[in-house]
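Enquirer: Have a look at this prediction, sequence included:
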Amino acid sequence: MKIAILGTGCPKCVRTEEAVKKVVAESGIAAEVEKVREIKKIMEYNVMMTPAVAVDGKVVIAGRVPTELEIKKILGIK
């Protein structure tokens, strides 16, 4: 599984990245977490508001910081 955190580095983007990495680490799932900061690459996902999270190329959250519970649900973690 590939998880992309889309954002230029604002505080909300940083919190999103931290939350996703924490959930992945605690759950032990096999996932690659990538931070995408370049505006051109973010636009390739058709995202107009950051932070955003994409899983295997599909945007699942955009424009807000997800909770850890939301991240777990998106990743299929119980």
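Expert: Perfect, I can see it now.

Enquirer: Just the helices from this structure, written as ranges.
Expert: Applying DSSP state H to the chain gives helices spanning 11-27, 39-44, 68-75.

Enquirer: The residue nearest to the spatial centre of the chain: what's its closest spatial neighbour, skipping adjacent residues?
Expert: In the chain, the residue lying closest to the centroid (C-alpha atoms, centre = their mean) is residue 53, at 2.9 Å. Closest residue in space to residue 53, ignoring its immediate chain neighbours: residue 61 at 4.4 Å, by C-beta to C-beta, 6 or more residues apart in numbering. (Glycine included, C-beta is placed from N, CA and C.)

Enquirer: For residue 36, see how far away that neighbour is.
Expert: 14 Å (C-beta to C-beta, to the nearest Å).

Enquirer: and what of residue 51?
Expert: For residue 51, the distance to residue 36 - C-beta to C-beta - is 10 Å.

Enquirer: okay, the two: which has more neighbours?
Expert: Taking other C-beta atoms under 10 Å, residue 51 and residue 36 do not tie; residue 51 has more neighbours (27 against 20).

Enquirer: neighbours of residue 74, just the number please.
Expert: Neighbourhood size, residue 74 [other C-beta under 10 Å]: 16.

Enquirer: which ones are touching it?
Expert: With contact set as C-beta atoms under 8 Å, 6 or more residues apart in numbering, residue 74 has these partners: 53, 55, 60-61, 66.

Enquirer: right, and residue 72 touches residue 29 too?
Expert: No. Assessed by C-beta atoms under 8 Å, residue 72 is found out of contact with residue 29, at 9.9 Å.
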